[in-house]
Structures are given as C-alpha cells and as structure tokens.
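> 3D model of this:
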Amino acid sequence: MPASLSVLEQNILKAKGMKEAQIKKLPKLGITSKAAFATIGDAATLRELTGIDETTAKAVMAWAVGGGSASTQSVGGTVVVDSADIVYCLHCKTRQPKDYQPGDLCPSCGKQAEPVVACYWCGASGPGKFCRQCGAEHVLAGELELALQLRRDGIAKDDIPKRLASLSVAEKEALFARARKATHGHARNM
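So this is what the prediction gives:
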C-alpha cells in the first residue's frame with residue numbers, strides 16, 4: 001500500500017472541508033503528500049479525481065499550492081492593467097472619470113484628487129508626485145519655501161525631499177527663519 005499523508009496534512013484537509021472517507025481514498029489515487037496536489041494543478045482536476053465538491057476542491061488547492069488564493073495561484077488568473085491616463089484620488093483612492101483634468105475635485109470625496117503643486121527646482125507646476133518638467137520629487141506645499149532654501153544652500157535636487165523628511169520641527173523652524181531672512185533681505189536690496 002502506498003504511503004499516506006501525514007496526520008497534520010490530513011487534519012488540514014479536514015479543516016478545508018474534506019471528509020475522512022475522502023482522505024482515505026487519496027493514497028489509492030497516488031496523492032500521498034502535499035506536493036502531489038501541485039502535480040494535480042487545479043481544483044477542477046482535483047474534483048475529477050476525487051469527486052469532492054467545488055468549494056472544498058478550491059480550498060484544498062489554495063492550501064496545497066502555497067497558501068495563496070486559488071485565483072492568484074491558478075494558471076488562468078486575472079491580471080488587471082490600468083491605462084496610463086487613469087488617475088486615482090490621493091485621498092480616497094477612487095478612480096477619476098475619463099474627462100478628469102488636474103486640479104479637479106474628486107466626485108467621491110470632494111477633495112482635490114491630484115493637487116497641483118509648484119516645483120522647488122524648476123518652478124513649473126503640475127499634479128503628481130514628480131515634476132513633469134525636471135523630474136524632481138514634489139514636496140508638500142507648506143515646505144516649498146524650505147525646499148527653495150535648501151536649493152540655495154546647494155543641496156542636490158534628489159536629496160532635498162529626503163533632507164526635508166529627516167528634519168525635526170525645530171530644524172524646520174530654523175530653516176524657515178533663514179529662508180524668510182534671505183527673502184526679505186533680497187527684497188530690500190532691490
């Protein structure tokens with residue numbers, strides 16, 4: 001008689017919905033380990049071999065092929081690819097209508113779906129996480145003045161957002177003071 005599934009594997013199969021009598025038939029079919037289910041491949045084939053119901057077959061195969069859901073593990077799984085022109089609201093993640101324009105309000109939550117921000121590096125404005133002109137990562141609107149000061153200090157374009165994220169509140173206040181002083185001093189010299 002062929003080897004049988006371990007006690008643990010048998011208990012898992014019971015938890016997935018298989019009956020004791022169905023589990024006892026598995027070794028006669030050549031199913032003596034969890035790896036044998038991978039050879040079977042899908043829930044439909046398991047049903048054909050064993051006669052178990054569809055729900056149980058799906059649950060068993062989801063466990064046997066790695067613990068993921070049956071749809072993500074099966075060969076014919078669904079893959080959704082969004083078009084490049086699709087925009088999702090930054091706040092509620094709702095897909096925006098086809099006639100969406102940057103700066104429009106989200107019909108779901110009422111907030112600006114993709115806020116238009118100014119670039120600290122080149123001065124262009126637009127939506128998104130990165131500037132569409134120079135590629136600089138956008139910073140929060142409230143930190144634009146700080147980013148401009150860091151640019152004047154000679155910090156590299158790609159390092160400015162990282163530097164702002166690492167600054168404490170006190171360091172940001174000191175940088176704001178320097179930025180205001182530089183701006184007001186520049187205005188007096190004009």
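> show me the domain layout of this structure.
Domain assignment for the chain, taken from automatic domain parsing, gives 7-73, 80-114, 117-188.
> JSON lines please, covering the ones you listed and showing mean pLDDT and mean neighbour count.
All C-beta spots, glycine's among them, are computed from the backbone N, C-alpha and C. As requested, the domains of the chain are arranged in JSON lines below (pLDDT from 0 to 100; neighbours: other Cβ atoms under 10 Å):
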{"stretch": "domain 7-73", "mean pLDDT": "83", "mean neighbour count": "16"}
{"stretch": "domain 80-114", "mean pLDDT": "85", "mean neighbour count": "13"}
{"stretch": "domain 117-188", "mean pLDDT": "88", "mean neighbour count": "15"}
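> please, which helix or strand holds the most centrally placed residue in the chain?
Nearest to the mean C-alpha position of the chain, by Cα atoms, centre = their mean, lies Lys93 at 11.6 Å. Following DSSP states H and E, there is no helix or strand that holds Lys93.
> what about it, distance to Val87?
11 Å (Cβ to Cβ, to the nearest Å).
> helices and strands around the lengthiest helix in the chain, which ones?
Among the elements of the chain assigned as helix by DSSP state H, the one spanning the most residues is helix 169-188. Here helix 169-188 touches helix 144-152, going by 3 or more Cβ pairs under 8 Å, 6 or more residues apart in numbering; DSSP states H and E.
> could you export the helix it packs on as PDB, CA atoms only?
Taking C-alpha atoms only, helix 144-152 is exported to PDB below (Å, rounded to 0.1, in the frame of the first residue of the first chain):
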ATOM      1  CA  LEU A 144       8.100  74.700  -0.700                       C
ATOM      2  CA  GLU A 145       9.900  77.700   0.900                       C
ATOM      3  CA  LEU A 146      12.200  75.300   2.800                       C
ATOM      4  CA  ALA A 147      13.000  73.300  -0.300                       C
ATOM      5  CA  LEU A 148      13.900  76.600  -2.100                       C
ATOM      6  CA  GLN A 149      16.200  77.500   0.700                       C
ATOM      7  CA  LEU A 150      17.900  74.100   0.600                       C
ATOM      8  CA  ARG A 151      18.300  74.600  -3.200                       C
ATOM      9  CA  ARG A 152      20.000  77.900  -2.500                       C
END
